[in-house]
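Colleague: Structure here, sequence nowhere to be found:
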């Protein structure tokens, strides 16, 4: 499932919403890094409706365009929860996508499922990596002469350390 689908279904879990409200929420969460256009949102909601995950009710609007209220179906909720529970790949390794998962992770009813997602993220964070490499070897900040690249690596290291500490604390609680 696309990350847009996760956000649509996740925000609809809070209750029925109009498309413009949904887009505003998605942009507040994800739009600071990737702008969400009507050409992205509405094809996604149409596809989710065709799949039976979203119900759409039309109502008259101002002018020529009608308004649509979107509602999460039981099938949509089940699909959302399964997608969060089994998230892997870029949903775990990409920071922006993982933020979306975290936003809706508490919807999983079992803590063990929540912690399994966190463990996958922790495993990724604990794998030695860098933004820069010497062949296959990750380059450490201390090895970089360029102050901006060094700053980028130091910031990434601090962010990763803070996230790892938080995940361990959450799993241990």
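Modeller: Cool, the structure landed. Only a predicted model underlies this, so the values are computations on that prediction, with no experimental measurement involved. Numbering: from 1, shown residues only.

Colleague: So if we follow the domain assignment, how does this structure break up?
Modeller: Listed by automatic domain parsing, the domain ranges of the chain are 3-86, 128-172.

Colleague: chain center to the longest one, what's the gap?
Modeller: Centroid separation between domain 3-86 and its chain, computed with CA atoms, centre = their mean, to the nearest Å, is 14 Å.

Colleague: okay, and for this structure, where does confidence drop off?
Modeller: Applying pLDDT under 70 to the chain flags residues 31-34, 61-65.

Colleague: which one of the domains of the chain is the most hemmed in?
Modeller: With neighbours defined as mean count of other CB atoms under 10 Å, the domains of the chain peak in mean count at domain 3-86, which reaches a mean of 16. Yep, even glycine has a C-beta here, placed from its N, CA and C like the rest.

Colleague: follow-up on the earlier one: could you say which one of the domains of the chain comes nearest to residue 109?
Modeller: For those, the distance to residue 109 is smallest for domain 3-86, at 7.9 Å, taking CB to CB.

Colleague: Who are the packing partners of the helix ranked longest in the chain?
Modeller: When the chain is parsed with DSSP state H, its longest helix is helix 147-172. Counting contacts by 3 or more CB pairs under 8 Å, 6 or more residues apart in numbering; DSSP states H and E, helix 147-172 is packed against helix 111-125.
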